[in-house]
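1. The following comprises the amino acid sequence and a computationally predicted model.
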Amino acid sequence: MHADHSGRKEAREESRMARDLLAKSREGSAYAGGEPILEVRDLVKHYPLTQGILIKKQVGAVKAVDGVSFDLAAGETLGIVGESGCGKSTVARMLVHLEQPTAGAIRYKGEDVTKLSGRALKAVRRNIQMVFQDPYTSLNPRMTVGDIIGEPYEIHPEVAPKGDRRRKVQDLLDVVGLNPEYINRYPHQFSGGQRQRIGIARGLALNPEIIVADEPVSALDVSVQAQVVNLLDRLQAEFNLSYVFIAHDLSIVRHISDRVGVMYLGRFVEIGTDEEIYDHPTHPYTQALLSAVPVPDPMAREYRERIILHGDVPSPANPPSGCRFRTRCWKAQERCELEVPLLAVPAVFRLTESPAKHDSACHFAEEKRVVPPEGTLEQVGEGGEGGEGAGEGAAGAVGAGPDVEKVDREARKPPRSHGEPEPESEPAAGPAAAAEPEPSASRVEPERDPEAPVQPEPGPAPEAEAEAEAEAALSPEAGDEDDGPPPPSGSSRVS
């Protein structure tokens, strides 16, 4: 038992050394210098709409993908984002030849994959693998983990001989962070994150150069998403993989991607580096997407401009003429209806060195920062740290507005119940309050013995009080004066 374990450990070390050599060889290839390893040109996929039972007649087509072009370099990650139904998954399935394109070209190392068949297509598929979206339905429940991961070796036996397949499967389980002893378990015995790791191990089985990940973390919890994304990062660095990463979560796409492409209704509307797309978007649809991303900072939510798009996404069976986003765009003009905007650098940015100088399919493209830059809101919240000039500069960066501390304090006040009077404001300290006389320092109060009984203060003598009342009653103006309230009930006046 011990000897078998030590032998398996040595085999794993040999496999890791082989993978390191493979990664180094790819780094030295011609495609590692920035030259595209995958080129997609004018890719189109239309699904026909037919009528009739015996004699079918095509009456239209669903334009799922309608003219998509991009490049992918060795070791690069291209993220693709967009609304549901925009054609992201259809692009992914065409890249691995699960769907036959209607038109366009997919060139892998200069060779058009769409024109290949038989053994030539089989050889190319070995280098382009896919990780599917749903980790529950993408694994056969009647097969063990060892059979699922080792199935590619049945199709490509030249990669691993029969006697070496079990060891290779265990090595792959170890690479993706699973116990190699799980090789005889079934998919229902694993969690969602573990199933996705099994899917990733199956994609790595043939040592591919490109992995197409179709929303690999959308069905997972947030903590598990982070683990899977970190695993993909580590595998990319270890094997020099190229990713086409499709997702809805813009924050995850920015974390893992080198470049980002934004799709809308079957076409790319903007493409650029992660900094260009997230910090300097120029297309209205990209700006609307970024404004919908949740911001964890409450102060950032206060200053963020939310862009609300009105109307529904048009049907891909009958897309609008000209710009496809014009039916929901606040900048739409007559030109947008007549001309199809090209995916190129807008004319207003061609002679500049701004990060906004990237491909955008809009006639009226302009740079718009949806969320304030990092650090600006922190300066506003500090309220004066770093001098008055720093505070004024931060306030000017986000625009004039109410004091942040005052707004926060007002928001924390409990609501008043109906009919409750308005609370009185505290009197401000002014000159009158400052001029209030202080007690004289020359008057010294005599010390009193704490054990001595308290003596009542002496009042006026009874005789003096009676004389004062008689004089007031005999005075001729006494009856005309009304300078006080009437005497209390039951009291007598001297007449």
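-> Yep, that arrived.
2. Flag the helix or strand of the chain with the lowest per-element mean pLDDT.
-> The least trusted helix or strand in the chain, going by mean pLDDT, DSSP states H and E, turns out to be helix 388-398, with a mean of 36.
3. Please name the nearest non-neighbouring residue to R166.
-> With sequence-adjacent residues excluded and distances taken as CB to CB, 6 or more residues apart in numbering, R166 is closest to G146, at 6.7 Å. To be clear about C-beta, it is placed using only N, CA and C from the backbone, and glycine gets the same treatment.
4. in the helix or strand harbouring the one you found, what's buried?
-> Secondary-structure element containing G146, defined by DSSP states H and E: helix 145-155. Buried residues in helix 145-155, counting neighbours by 16 or more other CB atoms under 10 Å, are found at 145-146, 148-150, 152-153.
5. counting contacts, what elements does the next helix or strand after that helix pack onto?
-> Beyond helix 145-155 in the direction of the C-terminus, DSSP H and E gives the next helix or strand as helix 165-175. Identification of packing neighbours for helix 165-175 by 3 or more CB pairs under 8 Å, 6 or more residues apart in numbering; DSSP states H and E yields helix 2-27, helix 145-155, helix 192-204.
6. what's the second one in contact with?
-> In this case it means helix 145-155. 122, 139-140, 143, 159-160, 165-166, 168-169, 172-173, 182-187, 190, 198, 201-202, 205-206 (CB atoms under 8 Å, 6 or more residues apart in numbering).
7. quick one: low-confidence parts of the stretch 251-400 of the chain?
-> Applying pLDDT under 70 to the stretch 251-400 of the chain picks out residues 371-400.
8. Where do the strands of the chain begin and end?
-> Ranges of strands in the chain, per DSSP state E, are 36-51, 57-73, 77-82, 103-108, 111-112, 128-131, 210-214, 242-246, 259-264, 267-273, 359-360.
9. State the mean pLDDT of the third one.
-> Okay, so that is strand 77-82. Mean pLDDT, computed over strand 77-82, is 96.
10. go on, the fifth one?
-> Computed over strand 111-112, the mean pLDDT rounds to 93.
11. swap in the longest one?
-> Summarised as a single mean, pLDDT over strand 57-73 is 94.
12. Hmm, F268 is touching V65, no?
-> No. In this structure F268 lies outside contact range of V65 using CB atoms under 8 Å: 10.2 Å.
13. which of those two has more neighbours?
-> A direct count of neighbours by other CB atoms under 10 Å for F268 and V65 places V65 higher, at 27 against 23.
14. Extract the C-alpha set from stretch 321-332 and format it as CSV.
-> Extracted in CSV, the C-alpha atoms of stretch 321-332 (Å, rounded to 0.1, in the frame of the first residue of the first chain):
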residue,chain,number,x,y,z
SER,A,321,-32.5,48.7,-39.2
GLY,A,322,-29.3,50.6,-38.8
CYS,A,323,-28.0,50.6,-35.3
ARG,A,324,-29.7,47.7,-33.4
PHE,A,325,-29.6,49.6,-30.1
ARG,A,326,-31.4,52.7,-31.4
THR,A,327,-34.8,51.6,-30.2
ARG,A,328,-33.6,51.9,-26.6
CYS,A,329,-30.9,54.6,-26.9
TRP,A,330,-31.3,58.1,-25.6
LYS,A,331,-28.9,59.5,-28.3
ALA,A,332,-30.8,58.0,-31.3
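15. ok now do P314, which residues does it touch?
-> P314 neighbours (CB under 8 Å, 6+ apart): 265, 320, 324, 327.
16. pLDDT at the residue nearest to R166, what is it?
-> 94.
17. what's the answer for the one 3 residues further on, then?
-> For I149, the pLDDT comes out at 95.
18. now it: how far from S291?
-> Taking CB to CB, to the nearest Å as the measure, I149 falls 42 Å from S291.
19. and what of I200?
-> I200 is 33 Å from S291, by CB to CB.
20. next one: N184
-> N184 is 50 Å from S291, by CB to CB.
21. So the two - more neighbours on which side?
-> Using other CB under 10 Å, the more surrounded residue of N184 and S291 is S291, with 18 against 9.
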